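Participant: here is a sequence with its predicted model. Questions after.
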Amino acid sequence: MVAIPQKYTTIAMATVAIAAIAIALVYSQKKKSAYNALAASAAEGFTPRIIGGSVLDQGVWAESRRYLVGIKFIFEEDGAIRNKHNCGATLVSPQVVLTAAHCFTNSTTGSFIPGGTAIEFNRYSMEDDEGVGIIPLCPYEDQISCDELSLSVGTSLAYVIRHPDYVFNTLENDVTLIILPDDQQVTTITPVTLNRDPDVPLVGEELEAVGWGQTCQNSDQIPASPFHECPDGTFPAEIQTGTLEYLTNQECHESLMNVTFPHPTTGDTVILGELYPITDDKLCARTDSFTGVATGRGDSGGPLLSGEVQVGVVSYGFGGFITGTDTFPELPDGFARISFLYGWIQETVCAEVPSDEVFCVESTPSSPTTEAPPTTYAKSSKSPTKKPTESPTTSQPTVSPTKRAKARKY
């Protein structure tokens, strides 16, 4: 077992803590300056990146990756309304977007983070707005929070439905659906296909992660990497792509259990694998060398792909970090496992959008599944968060739902 030196003890906690900090909505003029300060801090703290990747070819994007969605914070700074890339996402049907739950969650309380957000479609470069479609979500100027929107009926705004069993401090069931307004369905972009087969991906299979952001990492960021140093903190404009190798949940669990560090406040020894338990709802992938690919905080919510099928949602990563003289080149990145969570996705979409042709119209799926990946370990505890109110449905088209299963720890 290897130990992380004291100066790097906050690495694991900081990764999720920073990723979950976000803009807070201004509910009163008195709190406005404080919330704006938090928004600016969150915008700087979020470092969207695929380290060690390369630019996704625009032709490939146009042909088969246009379902990529960007989620931006909208905040006030120096008297001006600004925006900052926050998370990735994917269009999974004309009226539904899939992303990570922690993109909208306070890491301390587990509650929704109110704030201004916009969803962007058909974007390849952050420097080119031509053809980009924008749908408001929790718009800053209207001061409406995400949880309030989820209770709205007939709203013209997109709204958020977070997985009811999401555990904010261990990132279990880290998925959220965004339901688009009836009059703003995206019909000109082909949605990504979601994986339903628990046997996919295969052990050792190469998977593709894609997202906007940094291809390097500054020395003052945690983790820091001399192989991908970028002192000027520049961000590439185009979508980045990189290859990671799939490993089993058991292998993932064992690799994280082999790393320890002292707790930043108590000094007690913390085992990384206990801080981030690997449950059936999670999927792990890693680079095969230290100078390889790693996902990062702002890639959260984006897809992990097996060919043309999405198998995971980016949840958290350690980025192949260095601690003193020790290197940990193969710490895996964590993703939400689509095949395990597909049942909830389908059930929720059909409750909100009964006419959805991707999830709710009867069909014969090529790879149906009714079981979660098997394990022999104890069940994990449920999140204390409440399930958002769902719209009742009547005369819903016949569906072939995937059963929802409980996640178990490794």
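Facilitator: Happy to help now that I have it. Numbering: from 1, shown residues only.

Participant: hey, let's count contacts and neighbours off CA atoms from now on
Facilitator: Noted.

Participant: in the sheet, who's paired with residue 85?
Facilitator: residue 72 (DSSP bridges).

Participant: just checking, it touches residue 70?
Facilitator: Yes. Counting by Cα atoms under 8 Å, residue 70 is a contact partner of residue 85 at 7.1 Å.

Participant: tell me which of these two has more neighbours.
Facilitator: Remark: of residue 85 and residue 70, residue 70 carries more neighbours, 26 against 21, as counted by other Cα atoms under 10 Å.

Participant: so for that one, what's the pLDDT?
Facilitator: Note for residue 70: predicted pLDDT of 88.

Participant: Three-state assignment for it, please.
Facilitator: Using DSSP: H, G, I helix; E, B strand; the rest coil, the structure places residue 70 in strand.

Participant: residue 358 against residue 96, yeah?
Facilitator: No. At 9.9 Å, residue 358 does not count as touching residue 96 under the criterion of Cα under 8 Å.

Participant: neighbour count: these two, which is higher?
Facilitator: Taking other Cα under 10 Å, residue 358 and residue 96 do not tie; residue 96 has more neighbours (24 against 18).

Participant: gap between the more buried one and residue 185?
Facilitator: Applying Cα to Cα, to the nearest Å, the value for residue 96 to residue 185 is 8 Å.

Participant: who touches both of residue 85 and residue 70?
Facilitator: Common contact partners of residue 85 and residue 70 (Cα atoms under 8 Å, 6 or more residues apart in numbering): none.

Participant: could you pull up phi and psi at the spatially closest residue to residue 317 that is not a sequence neighbour?
Facilitator: Spatially, and ignoring its direct neighbours in sequence, residue 317 is nearest to residue 333 (4.2 Å; Cα to Cα, 6 or more residues apart in numbering). Dihedral pair for residue 333: phi -90, psi 150, per degrees, to the nearest 10.

Participant: hmm, residue 178 and residue 161 touching each other?
Facilitator: Yes. Residue 161 is within contact range of residue 178, at 6.3 Å (criterion: Cα under 8 Å).

Participant: of those two, who's got more company?
Facilitator: Taking other Cα under 10 Å, residue 161 and residue 178 do not tie; residue 161 has more neighbours (24 against 21).

Participant: tell me the mean pLDDT over the helix or strand encompassing that one?
Facilitator: In this structure, residue 161 sits in strand 159-162 according to DSSP states H and E. Regarding strand 159-162, the rounded mean pLDDT is 88.

Participant: and if you look at stretch 303-313?
Facilitator: Regarding stretch 303-313, the rounded mean pLDDT is 96.

Participant: any regions of the stretch 201-350 of the chain where pLDDT drops low?
Facilitator: For the stretch 201-350 of the chain, the stretches with pLDDT under 70 are 213-236, 288-298, 318-330.

Participant: where along it do the helices fall?
Facilitator: 249-257, 272-275, 338-352 (DSSP state H, counting those that start in this stretch).

Participant: mind listing what's buried along the shortest one?
Facilitator: Of the residues in helix 272-275, those scored as buried under the neighbour-count criterion (16 or more other Cα atoms under 10 Å) are 272-273.

Participant: how about the first one?
Facilitator: By neighbour count, and taking 16+ other Cα under 10 Å as the criterion, the buried residues in helix 249-257 are 249, 252-253, 255-257.

Participant: what of stretch 349-367?
Facilitator: Result for stretch 349-367 [16+ other Cα under 10 Å]: buried residues 349-354, 356, 358-361.

Participant: quick revisit: which elements pack onto the strand holding residue 161?
Facilitator: The helices and strands touching strand 159-162, judged by 3 or more Cα pairs under 8 Å, 6 or more residues apart in numbering; DSSP states H and E, are helix 146-150, strand 176-179.

Participant: which residues sit against the shortest one?
Facilitator: Contacts of strand 176-179 with the rest of the structure, by Cα under 8 Å, 6+ apart, involve 95-101, 158-163, 345, 352.

Participant: toward the C-terminus, what is the element adjacent to it?
Facilitator: Sequence order places strand 193-194 as the next helix or strand after strand 176-179, per DSSP H and E.

Participant: adjacent strands (with direction) for that next one?
Facilitator: Strand pairing for strand 193-194, determined by DSSP bridges: strand 309-316 (parallel).

Participant: just to revisit the earlier point, which of the helices and strands packed on strand 159-162 has the lowest average pLDDT?
Facilitator: Least confident of those, judged by mean pLDDT, is helix 146-150 with a mean of 58.

Participant: re earlier: and the residue nearest to residue 317, bridged to which residues?
Facilitator: Under the criterion used (DSSP bridges), residue 333 bridges to residue 285.

Participant: helices or strands up against the helix or strand hosting residue 74?
Facilitator: If you go by DSSP H and E, residue 74 is part of strand 68-77. With contacts taken as 3+ Cα pairs under 8 Å, 6+ apart, strand 68-77 sits against helix 32-45, strand 80-93, strand 116-121.

Participant: again, only this time at 6 Å
Facilitator: Based on contacts counted as 3 or more Cα pairs under 6 Å, 6 or more residues apart in numbering; DSSP states H and E, the elements that strand 68-77 packs against are strand 80-93, strand 116-121.

Participant: just to revisit the earlier point, in CSV, list the C-alpha atoms belonging to the strand holding residue 161.
Facilitator: Only the C-alpha atoms of strand 159-162 are listed here, as CSV (Å, rounded to 0.1, in the frame of the first residue of the first chain):
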residue,chain,number,x,y,z
TYR,A,159,-35.9,21.4,-16.1
VAL,A,160,-33.7,18.9,-14.1
ILE,A,161,-34.6,15.5,-12.7
ARG,A,162,-31.8,14.0,-10.6
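
Participant: in its sheet, which strands sit next to it, and in what direction?
Facilitator: In the sheet, strand 159-162 lines up against strand 176-179 (antiparallel) (DSSP bridges).

Participant: give the buried residues for the strand it pairs with.
Facilitator: Of all the residues in strand 176-179, those buried under the rule 16+ other Cα under 10 Å are 176-179.

Participant: end-to-end on stretch 165-174?
Facilitator: 9 Å.
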